[in-house]
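1. Output the structure for:
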Amino acid sequence: DNDEYRRGRKTTHVVYGEAMAILAGDGLLTHAFAHMAANAMRYPDKVAAHLRAIRAVADAAGMEGMVAGQSLDVYCEKNGTDPADEKGQLNYIHRNKTAAMIRGALLAGAELGDPDEAARNAFATYGEKLGVAFQVADDILDAVSTTEEMGKTVGKDAAEGKLTYVALYGVEESRIHLQTLTNDAIEAIRPFDKNGFFEQLALDMLARKH
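-> Got it, this is the predicted structure:
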């Protein structure tokens, strides 16, 4: 998003240039798959589980996941939205740009434990609801927080006319959506959340200030 700051520090493309920032992203993504493949080779008796985990990350990051969502986000920013389908476009962007990666990370971990279909579906639903909630919270914070609290420039979404929950629904209705998504995530994972870890994670994300 061409922001100058993340977590209170200058972003990579500002410090090292756009070309080096792109290369850093390419290198880290490639390294992730190399690391996962190396672990699959270390445990040949569990190779199928490792391959499913690798597939979960690839699906989340690839052309039907994060890349697809980010592409539509960039397209809408440059060319405008479809007035007849703004809610559909917003949902597609948030489900793929953000939620896909969180869902993929959860599924990758779950797959290593050889889950049954019920557990797999629970983690997928939890990840998607939690991921969209994370992005809704981000949209709200961009509108109401400060640069000091967020560690990045705020107010950019409105200034650039970006398609966000706040732009479509306003801050208060977006907060209602955020609470509903959080509740849905907790309910989905409850049968497999024996020590309450995933419920607390969702509640922490609901209350985050940055």
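2. contacts, neighbours, all on C-alpha from now
-> Fine.
3. Please enumerate the helices of this structure.
-> Secondary structure of the chain by DSSP state H: the helices cover 12-16, 18-42, 47-61, 66-79, 86-93, 100-111, 117-144, 147-150, 156-159, 165-189, 197-206.
4. Deepest in the core, which of those helices is it.
-> For those, average neighbour numbers computed from mean count of other C-alpha atoms under 10 Å are highest in helix 100-111, which has a mean of 23.
5. for that helix, packing partners?
-> Contacts defined by 3 or more C-alpha pairs under 8 Å, 6 or more residues apart in numbering; DSSP states H and E place helix 100-111 against helix 47-61, helix 117-144.
6. Among these, single out whichever gets nearest to residue 103.
-> Proximity to residue 103, assessed across the helices and strands packed on helix 100-111 by C-alpha to C-alpha, is greatest for helix 117-144 (3.9 Å).
7. any idea of the mean pLDDT in that closest one?
-> Across helix 117-144, the average pLDDT comes to 95.
8. how about the nearest residue to residue 46, chain neighbours excluded?
-> What sits nearest to residue 46 in space, not counting adjacent residues and going by C-alpha to C-alpha, 6 or more residues apart in numbering, is residue 40, at 7.1 Å.
9. cool, and residue 18?
-> Ranked by C-alpha to C-alpha, 6+ apart and with sequence neighbours excluded, the top spatial neighbour of residue 18 is residue 12, at 7.8 Å.
10. if I read this right, the one you found contacts residue 19, doesn't it?
-> No - proximity of residue 12 to residue 19 does not meet the contact threshold set by C-alpha atoms under 8 Å, at 9.9 Å.
11. Any figure for the gap between the residue of the chain most remote from its centre and residue 51?
-> Note on the chain: the largest C-alpha distance from the chain mean falls to residue 45, namely 31.5 Å (C-alpha atoms, centre = their mean). Taking C-alpha to C-alpha, to the nearest Å as the measure, residue 45 falls 12 Å from residue 51.
12. next one: residue 121
-> According to C-alpha to C-alpha, residue 121 and residue 51 sit 18 Å apart.
13. One more: residue 173?
-> Residue 173 is 41 Å from residue 51, where distance means C-alpha to C-alpha.
14. same check, this time on residue 85
-> Residue 85 is 37 Å from residue 51, where distance means C-alpha to C-alpha.
15. again, but for residue 14
-> Going from residue 14 to residue 51 by C-alpha to C-alpha gives 36 Å.
16. Nearest the geometric middle of this structure, what residue?
-> Taking C-alpha atoms, centre = their mean, the chain has its central residue at residue 98, 2.5 Å away.
17. shouldn't that one be in contact with residue 129?
-> No - assessed by C-alpha under 8 Å, residue 98 is found out of contact with residue 129, at 10.5 Å.
18. any idea how far the residue nearest to residue 179 when sequence neighbours are not counted is from residue 59?
-> Counting by C-alpha to C-alpha, 6+ apart, residue 206 is the residue found nearest to residue 179 once chain neighbours are left out, at 7.3 Å. Per C-alpha to C-alpha, residue 206 is found 26 Å from residue 59.
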